[in-house]
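Colleague: Any chance you can model this:
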Amino acid sequence: MATYIIRRLLLMVPTLIGISFMIFMLVALSPGGVGAALRVAGGGATEATNRAVQEAYLEDRYGLDDPVIVQYFRWLGRISPVKFGERDQVLGDGNLISPPKVVKEPPLWRLFTDSLNATSWSGIGLPNSNATAEELQLAYRRGQDDYSQKRATYVARRTQAMEAVGEYLRATDQANLVSNKGLPVESELDGWTPDTNNAAWKPAAESGKTMLAAYYDAVDSRERLAALFRQKPYEQAGVAIIPGVVSIAEPDLGQSFARQRPVKALISDALPLTLMLNMIAFPIVYTIAVPMGMLAATRKGTLFDTGSGTVFVALWSIPTVWAGVMAIGFLANKEYLGMFPAGGLHDNDATRMTYLPTLTDGVWQRGYLIDLLWHIALPIACMVYGGFAILSKQTRAAMLDNFSADYVRTAKAKGVDSSTIVFAHVFRNSLLPLITMFATIFPAMFGGSVIIERIFNIPGMGSLIIEAIVLKDRELIMANAIIIATVNVLALLLADLLYAAADPRVSYS
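Modeller: Okay, here's the model as predicted:
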């Protein structure tokens, strides 16, 4: 058994890598790319500046200027517990900072100069060796702000220079060298030289010189920031195995650029709510559906069998969206019954309530716990009614198959009590299909019920995933995907172990 478990755990690694690779590529290669919804800057005179700042941030934070496959392996390295290179450092809010990326050479720089003359930073201005942690952190924050500004300026000047070259190409009847975005196609300009005597080249040449100056400033600022990082202003993450080469640290899920918060913090806020709903809903479904399926099997063909099956199938056929809207429209609407709240998890004044119901000065206060149960009553009802049919029908079918087995007829012939036959023999041998269903349902606890959470305004995992997909928030999408994929493969392993526990004939030794 131990060998089987170890083998399955090892096989999970390539499985998860394959799943994450497919999802990463779908996100990265989708129309608009990563963060497409955030790339649209506001109108007016600040549009170009905002776009440059945002583009610089996305390039530095997510490496969007690198090939997609490089982006994937960089992301894979972050979520892996085994790290290579310099260790990250932990900010006070839990965010991680990494050494600043090398500023890439300007595109088509040979059109504007014979060589790049970026001078090495002199090292002037670094805190001395006796500087306190607060002084080092202050110097690093200032260096980071300076680098962000100069990096954004360089991105803006780079874009302006490329647009100017595109204008020159169109003005000189070379539009075939310009892309649909108005930028020159770099691969087509290898060995190409402009006509420097043409008046149309002068604006492009000036833009190119401005771009080079901004590039030199960005390189200088980056080297200063890298030196500040090497002074370790913050605590280093993880434990070094080979200093500067290999270390072990907690997986870094990244930072959501939709909410500007660590993904880990967002999931920590949303996951307990989803787990709470599902940990209440699933036991209700199993507590009602399994006994009803057992009774239907023992009373095959009776009115109870037909009636319960009809009711459960009828409930299963009701769309969850319609049920949720109707529940809010009639049960939560004060113009009708108004028995329940329309959404959320608590009243606004819930924080001032006692945890349990109290009677103070003759006034009844329901308390925090009852207020929570009152708010989740409708979401739970909408989550459970559709599961009765599938689970009860599966239980009924599995038990009917075993009722016709030879061992049941033998037990009856020996005079074994009917309840013993049902519970000790038939039901136990009918558990395998139920275990299979559990293995498929269990991961849903972590994914959340998207429809229910959106209808009833519950900030759980379902709402979080939908928001990430709409905004193409890569870090949030990938974190949710890898968590759900991990839970899925672990649930399948758990199902295999439960098979062996339920049926002695199943063995992995």
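
Colleague: all strands for the stretch 351-500 of the chain, in order.
Modeller: Here the stretch 351-500 of the chain has its strands, by DSSP state E, counting those that start in this stretch, at 358-360, 363-365.

Colleague: So for residue 264, which of those sits nearest?
Modeller: strand 363-365 (36.2 Å; C-beta to C-beta). The C-beta positions use only the backbone N, C-alpha and C, and glycine is treated the same way.

Colleague: average model confidence for the closest one?
Modeller: Model confidence over strand 363-365, given as mean pLDDT, is 76.

Colleague: the domain parsing of this structure - what is it?
Modeller: With domains defined by automatic domain parsing, the chain comprises 1-37+252-290+387-509, 81-250.

Colleague: Now mean neighbour count and mean pLDDT too, for those, in CSV please.
Modeller: Listed next are the domains of the chain as CSV, based on neighbours: other C-beta atoms under 10 Å; pLDDT from 0 to 100:
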stretch, mean neighbour count, mean pLDDT
domain 1-37+252-290+387-509, 17, 83
domain 81-250, 16, 86
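
Colleague: Columns distance to residue 317 on top of these, output as CSV?
Modeller: Below are the domains of the chain laid out as CSV (distance: least, C-beta to C-beta, whole Å):
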stretch, distance to residue 317
domain 1-37+252-290+387-509, 8
domain 81-250, 46
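
Colleague: and of those, who's closest to residue 68?
Modeller: Nearest of the domains of the chain (C-beta to C-beta): domain 1-37+252-290+387-509, 4.8 Å.

Colleague: And the strands in this protein?
Modeller: Secondary structure of the chain (DSSP state E): strands at 82-84, 89-90, 96-97, 235-236, 239-242, 246-248, 255-256, 261-262, 358-360, 363-365.

Colleague: out of the strands of the stretch 351-500 of the chain, which comes closest to residue 314?
Modeller: strand 363-365 (37.7 Å).

Colleague: Strand partners (parallel or antiparallel) of the closest one?
Modeller: When pairing is defined by DSSP bridges, strand 363-365 lines up against strand 358-360 (antiparallel).

Colleague: Quick one: mean pLDDT for the strand it pairs with?
Modeller: 76.

Colleague: outside of it, which residues touch it?
Modeller: Contact with strand 358-360 is made by 365, 367, as judged by C-beta atoms under 8 Å, 6 or more residues apart in numbering.

Colleague: Could you do stretch 442-459 as well?
Modeller: By C-beta under 8 Å, 6+ apart, the surrounding residues in contact with stretch 442-459 are 269-271, 273-275, 277-279, 282, 320-321, 324-325, 328, 342-345, 378-379, 382-383, 460-466, 480, 483-484, 487-488, 491, 494.

Colleague: ok, residue 320 - contacts?
Modeller: Each residue near residue 320 by C-beta under 8 Å, 6+ apart is listed here: 382, 386, 449, 451, 452.

Colleague: Check it and give its pLDDT.
Modeller: The model's pLDDT for residue 320 equals 86.

Colleague: And the one 3 residues further on, by the same measure?
Modeller: Listed pLDDT for residue 323 reads 88.

Colleague: Who are the contact partners of residue 104?
Modeller: residue 65.

Colleague: Quick check on it: phi, psi?
Modeller: Residue 104 adopts backbone torsions of phi -70, psi 150, taken as degrees, to the nearest 10.

Colleague: Then the one 4 residues further on?
Modeller: Phi and psi for residue 108, reported as degrees, to the nearest 10, are phi 60, psi 30.

Colleague: give me every residue that touches it.
Modeller: With C-beta under 8 Å, 6+ apart, residue 108 has these contacts: 161, 162, 165, 184, 186, 189, 208.

Colleague: Do I have it right that residue 79 meets residue 482?
Modeller: Yes - assessed by C-beta atoms under 8 Å, residue 79 is found in contact with residue 482 at 6.6 Å.
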